[in-house]
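Chemist: Got a sequence here, can you build the structure:
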Amino acid sequence: IDSFCLFVVRNHFEEIGLEPNFRIADQGEIKLLEMDVLNEVFEQEFLRAKETAEMEADDFSGGDASTVFQEKNTFLQLIDAYSDKRSHKVVKDMVYKIYSQSSSSPWPKEWIASLVEPYQVETAEKLRDTQMMQGIFDYVKAMLMDMPGRLEALREIALEPEGPTKYADTLSADIELFEGLDEINDFEALGVFCLKLESSMKSLTAIRNFTGNTAKKDAVSNGRNALKKEIKDIRARYFSMSLEELVQQLKRMKPIAQELVRLAHYYLETMEQKKEEKHLMDFSDIEHAALRILIDEKTKELRPTAYELKKQFEEIMIDEYQDSNQVQEEIMCAISLESEGRYNMFMVGDVKQGIYRFRLARPELFMEKYATYDLNDSNKQRIDLHKNFRSRKEVLDFTNDMFYKIMDTDLGNVAYDEEAVLNLGAEYPDVLGMQAEVLLFETEPMQEDGVRETAPATGNQPWTDEDNLTKRQLEARMIAEKIVEMKENLQKW
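Modeler: Have a look, this model is predicted:
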């Protein structure tokens with residue numbers, strides 16, 4: 001889609017007043033510019049606050065003028081609320097995060113402005129209906145719905161040979177506490193349910209003179225304690241005050257939120273200005289420019305170029321659809337014939353392979369179509385591809401077994417059932433020693449001689465602190481050494 005958007009911009013730049021002599025900047029160049037502009041924006045804000053304070057101090061008689069001004073200046077209030085005396089990094093990070101996330105919205109400035117909406121509610125009833133509160137409710141309920149399964153897994157360990165069998169009854173009682181969770185559809189009721197869980201989960205009965213497997217005993221005990229802490233943290237984070245109290249809290253925070261939104265908006269506009277001065281664009285800028293060429297930003301109606309391009313494409317085929325974002329979706333819909341009743345978009349994807357959420361992809365776009373398209377011959381038809389031709393049975397069996405346990409609509413965006421399972425599609429010759437393998441690297445404290453207690457999985461030279469590697473680099477080295485070992489042993493999959 002990047003090349004298509006570039007084609008649109010190169011051929012229709014004049015329609016949005018864009019200069020044609022722009023160039024595509026690399027990520028490093030853009031990152032440096034973003035940091036420079038962010039620092040510049042904050043320097044300007046501090047200078048403006050200082051100048052305003054000095055002017056007001058000249059007109060002020062009696063008292064401490066600087067204290068009175070800080071109470072009035074929302075920028076300084078924001079800094080005072082979230083930063084320490086040595087650094088304003090926390091506030092800068094907040095502004096940058098809003099700015100960067102806005103790039104996945106078709107209309108970034110509108111999205112930034114909308115962030116203050118939750119702070120404008122007047123009643124608990126209106127707050128309950130906001131998207132923010134619904135998102136919190138869905139998240140907390142999904143977390144709680146997962147817990148009975150985790151408790152059941154701990155109970156199974158307790159009942160294993162040499163397991164802490166005395167824990168099993170307590171775990172069974174814990175599981176029963178979650179009955180009725182399915183029917184809860186109210187935020188306050190969910191908070192009451194969390195309080196009941198926290199107060200009802202008793203301590204495990206002490207097992208004196210335990211002669212079984214201590215690792216199993218510790219696994220059950222530690223697993224249950226971790227789950228209890230999660231419940232406590234959820235209640236403290238989301239249900240520590242009533243909705244009425246939360247409304248009042250939001251009202252008090254409203255000026256700070258508005259100031260944060262203003263800073264993010266100012267930062268976005270300053271970045272646009274600096275890029276224009278330098279004739280720079282990144283691929284996100286190209287996408288948004290193409291969108292403004294196709295759709296009117298104010299009316300949201302299609303522009304002439306969109307109708308022109310509709311005539312050029314008989315079909316629009318999109319690969320890796322699970323990694324699309326809302327901007328790309330709007331662009332593709334603008335040039336499709338769907339608005340005329342002709343469905344000419346063909347999308348291929350697998351939400352389990354979605355890897356670009358960090359680039360603000362929206363796999364829910366894929367899931368929306370997965371849920372609404374049917375298997376019958378129609379304008380909105382779904383064709384499920386159930387066979388995997390890339391991997392051996394051993395790999396697929398291991399992957400299925402793992403995903404059955406951990407993947408659902410909240411983790412992975414798909415219920416891992418018979419419709420989502422990976423089925424063997426190719427025949428491979430039987431070879432001895434073919435099994436799935438998990439490599440784990442656990443960073444341990446350093447020994448006195450400076451050698452890590454955890455050695456490489458492949459048994460090569462241990463890594464010393466002098467390597468100065470990050471956790472990610474250590475993991476990459478472990479994988480690389482495993483690949484070398486497999487090549488040396490002529491191991492083929």
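
Chemist: what residue ranges in the chain are flagged as low confidence?
Modeler: 56-72, 354-360, 408-414, 443-467, 491-493 (pLDDT under 70).

Chemist: The spatially closest residue to Cys5 that is not a sequence neighbour: neighbouring residues, count only.
Modeler: Among residues not flanking Cys5 along the chain, Ala290 sits closest, at 3.9 Å (Cβ to Cβ, 6 or more residues apart in numbering). Heads up, the C-betas are built off the backbone N, CA and C, glycines and all. Using other Cβ atoms under 10 Å, Ala290 has 28 neighbouring residues.

Chemist: Am I right that Ala290 sits in a helix?
Modeler: Yes: counting by DSSP: H, G, I helix; E, B strand; the rest coil, Ala290 falls inside a helix.

Chemist: quick one: contacts for it?
Modeler: 4-6, 8-9, 331 (Cβ atoms under 8 Å, 6 or more residues apart in numbering).

Chemist: ok, and the most crowded of those?
Modeler: Within these, neighbour counts (other Cβ under 10 Å) peak at Ile331, which reaches 25 neighbours.

Chemist: For the helix or strand harbouring that residue, name the packing helices and strands.
Modeler: In this assignment (DSSP states H and E), Ile331 forms part of helix 326-335. Applying 3 or more Cβ pairs under 8 Å, 6 or more residues apart in numbering; DSSP states H and E, one finds that helix 326-335 makes contact with helix 283-294, helix 304-310, strand 316-318.

Chemist: Deepest-packed of those, please.
Modeler: Most buried of the helices and strands packed on helix 326-335, by mean neighbour count (mean count of other Cβ atoms under 10 Å): helix 283-294, with a mean of 22.

Chemist: about what we covered before: could I get the contacts of Ala290 as CSV with distance to Ile136?
Modeler: Output for the contacts of Ala290, formatted as CSV (distance: Cβ to Cβ, whole Å):
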residue, distance to Ile136
Phe4, 38
Cys5, 35
Leu6, 40
Val8, 39
Val9, 39
Ile331, 32
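
Chemist: residues in contact with stretch 174-186?
Modeler: Under Cβ under 8 Å, 6+ apart, the answer for stretch 174-186 is 141, 144-145, 147-148, 151-152, 155, 190, 193, 196-197, 200-201, 224.

Chemist: On the C-terminal side of the helix or strand containing Leu268, identify the next helix or strand.
Modeler: Under the criterion of DSSP H and E, Leu268 resides in helix 243-278. Beyond helix 243-278 on the C-terminal side, the first helix or strand identified by DSSP H and E is strand 280-281.

Chemist: in its sheet, what does that next one sit against?
Modeler: Sheet pairing of strand 280-281 (DSSP bridges) gives strand 23-24 (parallel).

Chemist: Roughly how far does His88 sit from Leu38?
Modeler: To Leu38, His88 is 10 Å away according to Cβ to Cβ, to the nearest Å.

Chemist: meant to ask about Asp186, not that
Modeler: According to Cβ to Cβ, Asp186 and Leu38 sit 41 Å apart.

Chemist: Between these two, which is the more surrounded one?
Modeler: More crowded of Asp186 and Leu38, by other Cβ under 10 Å: Leu38, with 19 against 12.

Chemist: Test my guess that that one contacts Asp93.
Modeler: No: judged on Cβ atoms under 8 Å, Leu38 makes no contact with Asp93 at a distance of 9.5 Å.

Chemist: In the helix holding Ile331, which of the residues would be classed as buried?
Modeler: 326-328, 330-335 (16 or more other Cβ atoms under 10 Å).
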